[in-house]
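S.K.: coordinates only, sequence not included:
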Ligand code: GCO
Ligand code: MG
């Protein structure tokens with residue numbers, strides 16, 4: 001069996017999904033996601049210029065050898081661009097393998113450990129009243145876990161994960177399309193003073209059964225993160241995400257000495273080498289990698305197994321920029337993983353997105369139910385894809401009040 005050709009598509013409804021389609025001489029094709037938010041054309045070019053020419057003629061069933069060939073063969077290894085490109089190829093090869101087997105992908109990992117996988121939605125509000133409406137909206141849909149992000153009074157601009165517009169509480173998706181990045185102002189003291197009060201009010205209103213997550217988005221210094229974690233411990237978060245930028249991994253020791261709040265990190269990690277110190281030292285409780293820019297199913301499954309050895313659970317990244325292909329790859333891992341924790345979920349559900357990526361996966365009562373179609377269980381409609389083209393966009397750049405550049 002041989003790979004005969006492969007194509008890359010860039011575009012989608014409100015997002016520049018980077019979709020890889022690998023064709024074989026037996027007519028079976030595989031699909032993968034290489035979307036790297038706000039840098040989408042780079043993995044697309046990496047695939048087109050460097051990787052696809054090497055794929056032609058290879059046996060698609062040898063997904064491990066092909067992964068090693070690209071990873072070890074690159075010499076300049078790792079990094080989000082290369083790993084997203086390898087990730088898309090790897091997903092597509094697993095899709096082919098499971099289609100050949102006539103099985104849903106999770107069967108090739110060892111079958112199902114659970115029927116439905118717990119999801120969390122993004123609740124958001126320009127202020128606390130909006131955030132409460134947003135949480136109520138997700139509770140009505142049956143969600144049992146929500147990430148809460150709230151506008152901070154007197155913050156000069158809106159902060160991460162929060163809409164500019166009052167009343168914008170449903171399925172909030174940031175529009176990053178700009179010629180140059182927008183700029184935001186951040187004030188750590190205001191955030192640290194207000195956010196615990198907001199959590200207090202939410203526990204008062206919604207009680208302690210609701211699973212509440214919160215994303216600091218890398219903005220605190222190690223000592224501040226320890227203080228914040230200590231203070232919010234009483235609100236029993238499901239997790240506190242990215243309290244500090246994870247480059248300085250030992251900074252988390254400080255937080256661990258002061259608080260038992262569960263910590264989730266890893267959405268910007270690309271490889272097991274970014275994760276292994278945090279996992280082996282028990283500095284985190286949830287690992288947040290994703291199947292796209294952490295090198296596909298082959299590599300992420302290794303990370304999941306390592307995490308399992310140290311009682312770290314999964315909480316895969318599922319921001320709006322992940323295409324339904326990446327979400328499906330993760331759904332199959334979630335169905336199997338003995339150390340599954342939770343899955344972030346935003347992507348599916350718009351008619352445009354469903355038309356571009358038809359699938360029978362379902363979401364009900366805040367749980368994801370993986371379909372029993374062979375392979376990833378997601379198709380790609382090339383005619384629909386022709387409606388979209390690439391639109392450049394940037395993540396905002398964050399500054400402190402005095403102009404110092406900070407972490408987005
Ligand atoms: C999350 C993330 C995202 C990132 C986004 C950047 O927890 O989902 O923090 O919202 O900001 O993936 O492209
Ligand atoms: Mg995050």
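M.R.: Yep, that arrived. Note that this is a predicted model, so its numbers are computed, not measured. Ligands and ions are numbered 1, 2, ... in the order given.
S.K.: Assign a three-state SS to residue 315, would you?
M.R.: strand (DSSP: H, G, I helix; E, B strand; the rest coil).
S.K.: just residue 234 next, same as before
M.R.: helix.
S.K.: and it, how far is that from residue 27?
M.R.: To residue 27, residue 234 is 59 Å away according to Cβ to Cβ, to the nearest Å. For glycine as for every other residue, the C-beta is placed from the backbone atoms N, C-alpha and C.
S.K.: neighbour-wise, which of these two wins?
M.R.: residue 234 (12 against 7; other Cβ atoms under 10 Å).
S.K.: Tell me the confidence at that one?
M.R.: Per-residue pLDDT puts residue 234 at 98.
S.K.: so who does it touch?
M.R.: If you count contacts by Cβ atoms under 8 Å, 6 or more residues apart in numbering, residue 234 has none.
S.K.: Tell me the buried residues in the longest helix anywhere in the chain?
M.R.: Criterion DSSP state H: the longest helix present in the chain is helix 80-101. Going by neighbour count (16 or more other Cβ atoms under 10 Å), the buried part of helix 80-101 is 80-100.
S.K.: Also stretch 40-53?
M.R.: 40, 42, 43, 44, 46, 47, 48, 51, 52.
S.K.: closest to ligand 1 among those residues?
M.R.: Checking the buried residues of stretch 40-53 against ligand 1 by Cβ to the nearest ligand atom gives residue 40 as the nearest, at 10.7 Å.
S.K.: Just the pLDDT for the nearest residue to that closest one once chain neighbours are set aside.
M.R.: Of all residues not flanking residue 40 in the chain, residue 16 sits nearest, at 4.0 Å (Cβ to Cβ, 6 or more residues apart in numbering). At residue 16, the predicted lDDT confidence score is 96.
S.K.: ok, and does the longest helix of the chain reach over to ligand 1?
M.R.: No. Counting by Cβ under 6 Å from any ligand atom, ligand 1 has no neighbours in helix 80-101; the shortest distance is 10.5 Å.
S.K.: Which secondary structure elements does the very next helix or strand once past that helix sit against?
M.R.: Using DSSP states H and E, the helix or strand that follows helix 80-101 in sequence is helix 106-109. Identification of packing neighbours for helix 106-109 by 3 or more Cβ pairs under 8 Å, 6 or more residues apart in numbering; DSSP states H and E yields helix 80-101, helix 324-336.
S.K.: would you turn those into a markdown table with mean pLDDT and distance to ligand 2?
M.R.: Formatted as a markdown table, the helices and strands packed on helix 106-109 follow (pLDDT from 0 to 100; distance: least, Cβ to the ion, whole Å):
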| stretch | mean pLDDT | distance to ligand 2 |
| --- | --- | --- |
| helix 80-101 | 98 | 15 |
| helix 324-336 | 98 | 15 |
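S.K.: Now distance to residue 292 too, for these, in TSV please.
M.R.: Converted to TSV, those look like this (distance: least, Cβ to Cβ, whole Å):
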stretch	distance to residue 292
helix 80-101	5
helix 324-336	5
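S.K.: Tell me which of the ones you listed sits nearest to residue 1.
M.R.: helix 80-101 (8.2 Å; Cβ to Cβ).
S.K.: And residue 69, how far from ligand 1?
M.R.: 29 Å (Cβ to the nearest ligand atom, to the nearest Å).
S.K.: shouldn't that residue be in contact with residue 59?
M.R.: No. Judged on Cβ atoms under 8 Å, residue 69 makes no contact with residue 59 at a distance of 11.7 Å.
S.K.: So which residues of the stretch 201-350 of the chain form helices?
M.R.: Using DSSP state H, counting those that start in this stretch, the helices of the stretch 201-350 of the chain run over 222-232, 251-258, 272-280, 296-309, 324-336.
S.K.: Show me the one of these that comes nearest residue 126.
M.R.: Closest among the helices of the stretch 201-350 of the chain, using Cβ to Cβ: helix 222-232, at 21.1 Å.
S.K.: Give me the contacts around that closest one.
M.R.: By Cβ under 8 Å, 6+ apart, helix 222-232 touches 188, 192, 195-196, 199, 214, 216, 220, 240, 243-244, 248, 251-252, 254-255, 257-259, 261, 263.
S.K.: rewinding a little: between residue 69 and residue 59, tell me which one has more neighbours.
M.R.: Neighbours per residue (other Cβ under 10 Å) separate residue 69 from residue 59, with residue 69 holding more: 16 against 13.
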